[in-house]
Structures are given as structure tokens and as C-alpha cells.
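Trainee: After the sequence you'll find the predicted model.
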Amino acid sequence: MAFIFARLWGRRLTAAFSAALLTTVMLIAALFFASCKISGASKDIAARPANLTITPDSQYLLPGGNTSFNVKFGEETIESEQVKLNVSGELDSNTKIKDGKLLVGTGQAAGNLSISGTYQAPDAKSVNGTAVVKVINPSTKSIKEKFGVDATGKDGVEAAFKELHAFIQNGGLKKDAAEDPNKRVIKVGDWIDLEGGLTVAAHGAGDNTGGFSYSYNDEAWNANITVNENDQGKLSRLIVVGINSFHSSGTEGGYKYPKKEGETDPPQHVVFQFQNIPVSRRMNPPVEDYPISTNTGGYPASEMRDYLTKNFLTGLIKTAGVPEGVLWAPARLLSARAKHDKKESSSPAKIRDMLWLPTEWDIFGMQTNSIGADETAANQARFEYYVVPISRKKLDASKNTAPYWLASTYYDNKSSFCAVSGTGDSSYKSASTAPPPGVAPAFCVY
């Protein structure tokens, strides 16, 4: 009897022990998972960024415009109404934040507006973020003034080109194309003045006074160009002559960008050219068997091209403030006549230069003196600025209209290149004529 009682009591003790053990294990497990959850939450909180990311839907606005904001806290998108937004800067009385949007007053001056935002995170942590919106004044033709650039001289030139480059890279020209022409930010005829002047180093031939020597020597040649206060006499004014002039397809002359297999479409770009004539220079030196001049190899093989792509381009970058990083070299097809004693055409050469001379087609939209088989409507651009004939006239240092070179080879002799006359008409000049025609280089900003 005693034995049976002991057995029963032992089983009872074992069951109680087992229950207690199970309870202990469950408690430990619960504590473990709770600890993991707390630890994970702590890690989530720790992984959260310290700041908000505030991105305006439109980084560039005109007076009277508005923009919403995309606000993120880490990967989480926050409704802008949940964020306390503020705007600061030199504000027009009607420039303000309302219902999560920036409203720009019609009288707002060009320049940067600073946006700040504060958000109360779920963990009660207050986080902040900032952004910049640029107000552009489209009514001015000065690109410096459009973007509110205050810097002067070389620094102002650099800042203006960088602002334009950023505008293009952010899709500004694409948005412009969809706008009414009068409301576009960048227009043909806009300009940038090289306020700090321009110095072009020696190249060893000719001078900028109209004199010329046929002798073979290393005489130093320099062009020191300064700003003239008379707008029509500004030798260092760069003017917008075309917008997206080099493209894959279009209606203007049926032009198609000369791509090779594997090449991408040209980027959005603005074409600048000197409004007037900063310097006069020969296209080519004389040759022994033809002492006047030659057009052998066309512009691609000319002394002028060597001068522009080396000396002049270096001067623009180092002394005038044009940033090399904003320049794009378009592919261009130009006549490259093989022999200077032949009149026939040859296969056009494809060249890519950051600084170059326009062709006859670029300026006139038609062919008068260039080689028809080499440069045609199918492979040449057309710059809008020159559709108006008077725009083709350029002034020299004496403020007189003067002829200037084009990159097209003259079709009917062995020594000349195409040019624009002092009256703005199509012309041609011997490559080493004296006094030499003017030089008005062009380049693209993308």
C-alpha cells in the first residue's frame, strides 16, 4: 500500500516539475523574442537617416510659377503637408509656401531660393532637410541675369556657363521645347559677355592689325581682346545662334546628325558664336608651288583649325572662364578636298572639335559657293539666329562691318574658302589673302 502511494506521489511530483519546466522555457523564449524585437527596432531607428531628402518637382521656376516637393525619410515617402516647409532668400512679397507648395511671386528676382523642412518622425525624433530652387528671369537676354549670377569678370563667366549646363542637364531645354516660344527660358539671341576679357597665345603667323607676312617665321601673334561698352562693338560677346541644332532628325533642311553605328543621339545643347569679330587671321599659309594659298584638305587640314582647337580654345578656358566641362564637340561633315590643284569634290571628313567655324549651310541654309557633293542639306545644320539676314553682319575692332571666314571649301578654285561678306552675303576669299577676313568661332554647351 505504501509502495503504491509512493508511486502515485512521484508521478504527481514529476508532472508538476515538468509543468514548471515548460513554463520556464516558454518564459525564456518570450523574453528572447521580445529582446530580438526590441533590438531590431533599435537597429531600424539607428539605421534611419539623420536628415530628410527634399527634392523639388521643378528645380527651375519662372516668376509666377510653383512647385511641389518630393520628401523622403530614408526610403519612406512623406507627404509634403506633414513637413513644415520654409523658404528664405531675397523674397518677393508673394513668394511663400502654401499647402506644401512653393509659390513664386510675379515680382521675384532671379536667383536661388533656399528651402528648409522639418519633420517629426514616429520615434519622436525631429529631422531636417534642405533644397534649392532657382528662379530664372526669361525677360533678359543676358544668361548671367537669367540665372541671377552675381559674380563678375572671369568668375561670372564660369558661373553663368555652369548654371546653363546644369539647366540643360536637368531637362530644361526639353521643357522649353514644349513651351510657347515667348515663355522659353533660353532663346536664340541670348548672350554671355566675356567680362574678364580674352587672351589668345602666340601661334606664329599673322597679326590682329590687318597686316600679313608670307615669310616663314615664328613671329609671335597675340589677340588681346577687351570688352567694349558699346553693345554693337562688343568683340567678346558670345551669342546663342542655335538650340539643339545638331539632331537625329528634323524638318529644317532635312538635317540628320551624322552618326556611326553604336553612337548615341546628340545631347541637348546650345550653340554659341562670337557676335562680332574678335580677331582677323589667315585660313592657311602659302605653299611653295602655289605662293598665294591653298585649300588642300579643306578646313579639316587647315592652319585655322589647328589655331582654334589649340590656342584659341585654351584662351577661352584659361583666360576667359569658359569651363571645359560644359563643352560638347558635335560630329560635323566638312569638305576635305584631296589635292589643291583639283576642283572636284571628295568624301567629306567627319571631325569633332570643341571650337570650330560654321559652314555655309549653317549660316545661309543654302549652298552658293561651297562644294555641293560634300556639304548638303542632309548633313549640315542651320542656325536660327542667321535666318534674319542682318544678323549675318559682324563688326571688327574698328566697329565697321567686315568679312569673316566659314569652314566650307570654295568649289571653283584651288586656293579659296567660303566667307560672309561685310554686307552679310555669301562670298569667298583666298586662304592667305591680306588683310585676312575675321574669325568668329562657335561652340556647343550641353
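Mentor: Thanks, I have it. Residues are numbered from 1 along each chain as shown.
Trainee: measure the closest residue in space to Tyr299 that isn't next to it in sequence to Lys234 for me?
Mentor: What sits nearest to Tyr299 in space, not counting adjacent residues and going by Cβ to Cβ, 6 or more residues apart in numbering, is Ala407, at 4.0 Å. Yep, even glycine has a C-beta here, placed from its N, CA and C like the rest. According to Cβ to Cβ, to the nearest Å, Ala407 stands 24 Å off from Lys234.
Trainee: In terms of neighbours, single out the busier of those two.
Mentor: The neighbour comparison of Ala407 against Lys234 (other Cβ atoms under 10 Å) goes to Ala407, with 28 against 22.
Trainee: Please look at that one and Leu308 and confirm they touch.
Mentor: No - Ala407 is beyond contact range of Leu308, at 9.8 Å (criterion: Cβ atoms under 8 Å).
Trainee: any common contacting residues for those two?
Mentor: Both Ala407 and Leu308 are in contact with 356-357, where contact means Cβ atoms under 8 Å, 6 or more residues apart in numbering.
Trainee: lowest average confidence, helix or strand, in the chain?
Mentor: Across the helices and strands of the chain, mean pLDDT, DSSP states H and E gives its lowest value to strand 223-225, namely a mean of 48.
Trainee: next structured bit after that one?
Mentor: strand 237-243 (DSSP states H and E).
Trainee: Provide the strand pairings for that following strand, with the direction of each partner.
Mentor: Paired neighbours of strand 237-243 in the sheet (DSSP bridges): strand 191-193 (antiparallel), strand 270-274 (antiparallel).
Trainee: most packed of those?
Mentor: Highest mean neighbour count of the strands paired with strand 237-243: strand 270-274, a mean of 25 (counted as mean count of other Cβ atoms under 10 Å).
Trainee: So for that one, mean pLDDT?
Mentor: The average pLDDT for strand 270-274 rounds to 97.
Trainee: all numbers from here: first residue = 58
Mentor: Understood, numbering begins at 58; the last thing we discussed is strand 327-331.
Trainee: List the single closest residue to Ser146 in space, sequence neighbours excluded.
Mentor: For the record, residue 146 is Gly, not Ser. Leu170 (4.6 Å).
Trainee: And the pLDDT for the one you found?
Mentor: With respect to pLDDT, Leu170 scores 94.
Trainee: How about the one 5 residues further on?
Mentor: Each residue has a pLDDT score; the one for Thr175 is 91.
Trainee: show me what contacts it?
Mentor: Neighbouring residues of Thr175 by Cβ under 8 Å, 6+ apart: 140-141, 183-185.
Trainee: Need the distance between the two termini of stretch 129-139.
Mentor: 11 Å (Cα to Cα, to the nearest Å).
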